[in-house]
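S.K.: Fold the following for me, if possible:
(chains A and B)
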Protein chains: 2
Amino acid sequence: MTDQLRTKLAEIEDLEVALRLLQFDQQTLMPPAGSAARADAIATTSKLMHERQTAPELLELLAAAGDDDPVARVARRDTSKALRVPTELVGALAHASTAGQDAWQAAREANDFAAFRPYLERNIDLLRDYASCFADEIDEPYDALLDDFEPGMRAADVRTAFAPLRDELPSLVAAAADRPAATLSGPFPIAGQRRAVRAILERLGFDDASWTLGDSAHPFSTTIGRGDNRITTRYSEHTLESVLSSVHEFGHGLYEAQIAPELARTPLAHGCSMTLHESQSRFWEVFVCGELPFWQGAWELLAGPLDGALDELGPEGYLDAVQAVRRTPIRVEADPVSYPLHILLRFDLELALISGDLAVADLPAAWRDGVRELLGIEIADDREGALQDIHWSACSFGYFPTYALGTMLAAQLWQAARAALADLDDAIEAGELGPLREWLRERVHRYGRTYEPREQIRVALGGDLDPEPYLAFVRARAGVTGASGLV
Amino acid sequence: MTDQLRTKLAEIEDLEVALRLLQFDQQTLMPPAGSAARADAIATTSKLMHERQTAPELLELLAAAGDDDPVARVARRDTSKALRVPTELVGALAHASTAGQDAWQAAREANDFAAFRPYLERNIDLLRDYASCFADEIDEPYDALLDDFEPGMRAADVRTAFAPLRDELPSLVAAAADRPAATLSGPFPIAGQRRAVRAILERLGFDDASWTLGDSAHPFSTTIGRGDNRITTRYSEHTLESVLSSVHEFGHGLYEAQIAPELARTPLAHGCSMTLHESQSRFWEVFVCGELPFWQGAWELLAGPLDGALDELGPEGYLDAVQAVRRTPIRVEADPVSYPLHILLRFDLELALISGDLAVADLPAAWRDGVRELLGIEIADDREGALQDIHWSACSFGYFPTYALGTMLAAQLWQAARAALADLDDAIEAGELGPLREWLRERVHRYGRTYEPREQIRVALGGDLDPEPYLAFVRARAGVTGASGLV
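M.R.: I've put the predicted structure just below:
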């Protein structure tokens, strides 16, 4: 690879640093009156990135670069995708996404799906146009959208991966959902939660030299640039969601933080795909910090700052509340057992919306029916249904499946880590998490985007994505007789 | 002006939004390990801005635009300056500035001027190269540097403006400096200072819809984009500098916040010059909040959260401490009377460094001599001398004079505001600051960069920069018999 090519690619990465910061700040610190100027800055920076990704000089340099260099291979893939999409369509999608999110926010507050409908129709029209840019490469339009989150995966692959969940989860959830369990209702003082979250994250590997912890309406994680990892969470007096939500975001952050330093300022310096990314966040949330050993060792970090609010429960009671299977209409409140049902529903609906089998006008009823069928409950209104999630308003179709695929992959990785690392439970209880972080770094993190997702999974696990470890885990969690869980 | 030209200029402004945010975040939230990636992102974004400012399409569009449009006139000025400087020199200055600041930080901690010397020599060499790009337009090299902060001003103009201060201030300060005065030594609880600062800023016009208040090692203000004004300050238990420092930054922010909305995303949407800017920060710090009426009305906002720490002093005692003339070696700790002496010293030294009359090796001794001559005191070491300020390490030569020029202009504006607004003291005491903000908006803020600085001052005041109102103010503050102060 020539220095000239390396520099051109590095400059694109530098612009992405600016773009990520503009977006991070928009969701954390920016005062509301700044939003119009911010939208302009984001649009212009995105446009400049697109211009530079498709600049003739870059294309020539990439064409001349060898096939064996993963940097050039990934850059060519990004570039060839960017080249297929007309700049006007990129701009139209960006604007539709901004307008769609604003409309969604208002419609959701008012429980008024009809007000949101034209925006969603517009988004779907534009996304069909987008998919048609890739018509010769895909089996169905949805494939083009999925590819942006999970490179190389097709809708058909998702259907195959989800089939066993669809068979088994509804009855498992129905059987387990009525069992009594502890609850976490607080009040949990927010100043105490803040201290607890920080202490728990520090036990996992968070430090002030290369991480920040902040507040936002919706928890998220972003790595602005190398050595600059950011987690946000939110606090409510009546839940402890701040704890496992920030652990989840830490998992995302650690992935980016442990990418090999020599990949910095190349297109490889990012997580491999959303499924890989979600596998990392769920690994820490559902497995490391979703089981007893961690809390036996770290209990005082959580209970101490909460002024006695958890003294009655103890670590076992806390986990009983966290692990309990409950049929909720709200995806982000779902436990790890019932969670994929929320994803199956959304995958079915977005496939149908994009293919045209489902009209936007019929979405609310279809959602209602799907929840009844998969979870066996009734939703109260569209705020619990077709207006629940922000994704579609932001033109993000094809993102949802990666949440469930990532959880499946996390279960595989957890099984492999337990086999590879002796006395893992003891180490987790003692807060000695270095070897586990190192194992993840070796198997997954350091490669960034060096491999295609399917290949990366093979490198990490010696095999393909497999639902079985996850199913074994949920059977154990659901208390099915004879089930042999992972833990 | 064509839409095409307007769009091209707007995109440059959008990149500046990204750049300002990268810099703001670097000084506030960024974890230390992120600094290398941040330096790359800042360098690339700056380079892209320079590329776009000098792109042939923009030059053609600007050439075709009429002379009567201030947007085109200012853009042409910016562009023609950018065109004169080779891109390599822009990059070299950016890198020298980063390296210089790091070296300065280390040298200052170690009180080791020799370690900083080669960096400062390099900066001065590069700045001479920079000045030589404008050789045909200037009288002496320093003029080119000054022009970046104070467009249209020459070193000779500064000499003229400073002459009366040089004549009068040293003896005024010497006479006033030994008088006994109240002191502010605390401890002042920091949580209380935070509440007080916020309440005082809200009284001035700060609100959460379009402002943020944060922490940083060095207080500063930046307007990221329209509606997004940010102030930072710092807190120490043993001073109350957080209060007037954040009022100072509020003055800067209010200027940008009150620029006419129709100038947004044009090169006019910024303060006119650093002198104009500094006049706004000093207006609020030295005059509005540096006199008794404001504190008579707002005393409880300050004293209330400080748990009785100010009860003995009361507003009169607090102001006695704030207004006291003291000979300190440290510029940022200086009172408004002695402050310009620190600037005269720096102006003399930077002129001599740039002209070559003073070698960098001789700077520490020259600083020592200058302090003795102007302030009549001895400095302890180079941390109080040639290593005191960050500016030169960051290639900022020509910036210092605007601090004193701004204070002079603030005194003129204060005099004019008092003449224009009836019962101003009563309004300030009552916290009715709307009319004063409106007066500043009408006279100065709304125009942004529409006028050249000298013209803007005429528009605001009907006359030129004039040291006399400031001198009248300092005579009164210094208690010179027979002096008729401004207040």
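S.K.: tally of neighbours for A:L15?
M.R.: 23 (other C-beta atoms under 10 Å in any protein chain shown). Quick note: C-beta positions are derived from backbone N, CA and C, even for glycine.
S.K.: element containing the closest residue to it other than its chain neighbours, please.
M.R.: Distances taken as C-beta to C-beta, 6 or more residues apart in numbering or on different chains place A:M49 nearest to A:L15, at 4.8 Å, with adjacent residues excluded. Per DSSP states H and E: A:M49 is located in helix A:35-53.
S.K.: For that helix, buried residues please.
M.R.: A:35, A:37-50, A:52-53 (16 or more other C-beta atoms under 10 Å in any protein chain shown).
S.K.: Then stretch A:11-27?
M.R.: A:11-26.
S.K.: Quickly note the distance from A:H248 to chain B.
M.R.: 20 Å (C-beta to the nearest C-beta, to the nearest Å).
S.K.: who's in contact with A:A411?
M.R.: Contacts for A:A411 (C-beta atoms under 8 Å, 6 or more residues apart in numbering or on different chains) come out as A:F287, A:P469, A:Y470, A:A472, A:F473, A:L486.
S.K.: if you set the cut-off to 10 Å instead, what comes out?
M.R.: Counting by C-beta atoms under 10 Å, 6 or more residues apart in numbering or on different chains, A:A411 makes contact with A:279, A:282-283, A:286-287, A:336, A:466-474, A:486.
S.K.: mind listing which of those are in helices?
M.R.: Assigned to helices by DSSP state H, the following of the contacts of A:A411 qualify: A:S279, A:R282, A:E468, A:P469, A:Y470, A:L471, A:A472, A:F473, A:V474.
S.K.: Which of the residues you listed sits closest to B:E57?
M.R.: Relative to B:E57, the closest of these is A:S279; by C-beta to C-beta it sits at 46.5 Å.
S.K.: How about the residue nearest to the spatial centre of chain A: what's its closest non-neighbour residue?
M.R.: Closest residue to the average C-alpha location of chain A: A:E278 at 4.6 Å, with C-alpha atoms, centre = their mean. Nearest residue to A:E278, sequence neighbours excluded (C-beta to C-beta, 6+ apart): A:G406, at 2.4 Å.
S.K.: could you dump the helix or strand hosting that neighbour to PDB, C-alpha only?
M.R.: For A:G406, the host element (DSSP H and E) is helix A:400-420. Extracted as PDB, the C-alpha positions of helix A:400-420 are listed here (Å, rounded to 0.1, in the frame of the first residue of the first chain):
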ATOM      1  CA  PHE A 400     -32.800  -5.100  14.400                       C
ATOM      2  CA  PRO A 401     -31.800  -8.700  13.500                       C
ATOM      3  CA  THR A 402     -28.200  -8.000  14.700                       C
ATOM      4  CA  TYR A 403     -29.500  -7.600  18.300                       C
ATOM      5  CA  ALA A 404     -30.600 -11.200  18.400                       C
ATOM      6  CA  LEU A 405     -27.800 -12.600  16.300                       C
ATOM      7  CA  GLY A 406     -25.300 -10.800  18.600                       C
ATOM      8  CA  THR A 407     -26.900 -12.400  21.700                       C
ATOM      9  CA  MET A 408     -26.700 -15.800  20.000                       C
ATOM     10  CA  LEU A 409     -23.000 -15.200  19.200                       C
ATOM     11  CA  ALA A 410     -22.400 -14.000  22.700                       C
ATOM     12  CA  ALA A 411     -23.600 -17.300  24.100                       C
ATOM     13  CA  GLN A 412     -21.200 -19.100  21.800                       C
ATOM     14  CA  LEU A 413     -18.300 -16.900  22.900                       C
ATOM     15  CA  TRP A 414     -19.200 -17.400  26.500                       C
ATOM     16  CA  GLN A 415     -19.200 -21.200  26.100                       C
ATOM     17  CA  ALA A 416     -15.800 -21.000  24.300                       C
ATOM     18  CA  ALA A 417     -14.300 -18.600  26.900                       C
ATOM     19  CA  ARG A 418     -15.400 -21.000  29.700                       C
ATOM     20  CA  ALA A 419     -13.700 -23.900  28.000                       C
ATOM     21  CA  ALA A 420     -10.600 -21.900  27.300                       C
END
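S.K.: about what we covered before: any idea how far A:P305 is from the residue nearest to the centre of chain A?
M.R.: According to C-beta to C-beta, to the nearest Å, A:E278 stands 29 Å off from A:P305.
S.K.: With A:Q280 instead?
M.R.: 27 Å.
S.K.: More neighbours: those two, which one.
M.R.: Counted by other C-beta under 10 Å, A:Q280 and A:P305 do not tie: A:Q280 has more neighbours, with 26 against 20.
S.K.: For A:L313, what are phi and psi?
M.R.: Backbone torsions of A:L313, given as degrees, to the nearest 10, read phi -70, psi -50.
S.K.: Can you report how many residues neighbour it?
M.R.: 16.
S.K.: Without its sequence neighbours, what residue ends up closest to it?
M.R.: A:A182 (5.9 Å).
S.K.: Settle this for me: the one you found is touching A:P315, isn't it.
M.R.: No: the criterion here is C-beta atoms under 10 Å, and A:A182 misses it with A:P315 at 11.2 Å.
S.K.: near chain B too, which of the contacts of A:A411?
M.R.: Checked against chain B using C-beta under 10 Å from any C-beta of the partner chain, those give no members in range.
S.K.: Buried ones among the residues you listed?
M.R.: A:279, A:282-283, A:286-287, A:336, A:466-467, A:469-474, A:486.
S.K.: Give me the lowest-pLDDT entry from the residues you listed.
M.R.: Of all the buried ones among the contacts of A:A411, A:L486 carries the smallest pLDDT score, 44.
S.K.: same question for stretch A:401-420, mean pLDDT?
M.R.: Here the average pLDDT along stretch A:401-420 is 98.
S.K.: buried residues in that stretch?
M.R.: For stretch A:401-420, by 16+ other C-beta under 10 Å, it's A:401-417.
S.K.: Also stretch A:63-71?
M.R.: In stretch A:63-71, counting by 16+ other C-beta under 10 Å, buried: A:A65, A:P70, A:V71.
S.K.: nearest to chain B, of those?
M.R.: Nearest to chain B among the buried residues of stretch A:63-71: A:V71, at 16.6 Å, using C-beta to the nearest C-beta.
S.K.: ok, that closest one touching A:T2?
M.R.: No: using C-beta under 10 Å, A:V71 is not in contact with A:T2; the gap is 11.3 Å.
S.K.: residues shared between the contacts of those two?
M.R.: Common contacts of A:V71 and A:T2 (C-beta under 10 Å, 6+ apart): A:A65.
S.K.: did I read that right, A:A380 in a helix?
M.R.: No: with DSSP: H, G, I helix; E, B strand; the rest coil as the criterion, A:A380 is coil rather than part of a helix.
S.K.: Please identify the helix or strand for A:R230.
M.R.: Secondary structure (DSSP H and E) places A:R230 in strand A:228-233.
S.K.: And that strand, what does it pack against?
M.R.: Counting contacts by 3 or more C-beta pairs under 10 Å, 6 or more residues apart in numbering or on different chains; DSSP states H and E, strand A:228-233 packs against helix A:3-28, helix A:190-204, strand A:211-215, strand A:221-225, helix A:241-257, helix B:35-53.
S.K.: quick one: strands adjacent to it?
M.R.: strand A:211-215 (parallel), strand A:221-225 (antiparallel) (DSSP bridges).
S.K.: For A:R383, give me the pLDDT.
M.R.: The model's pLDDT for A:R383 equals 96.
S.K.: Nothing else from me, thank you.
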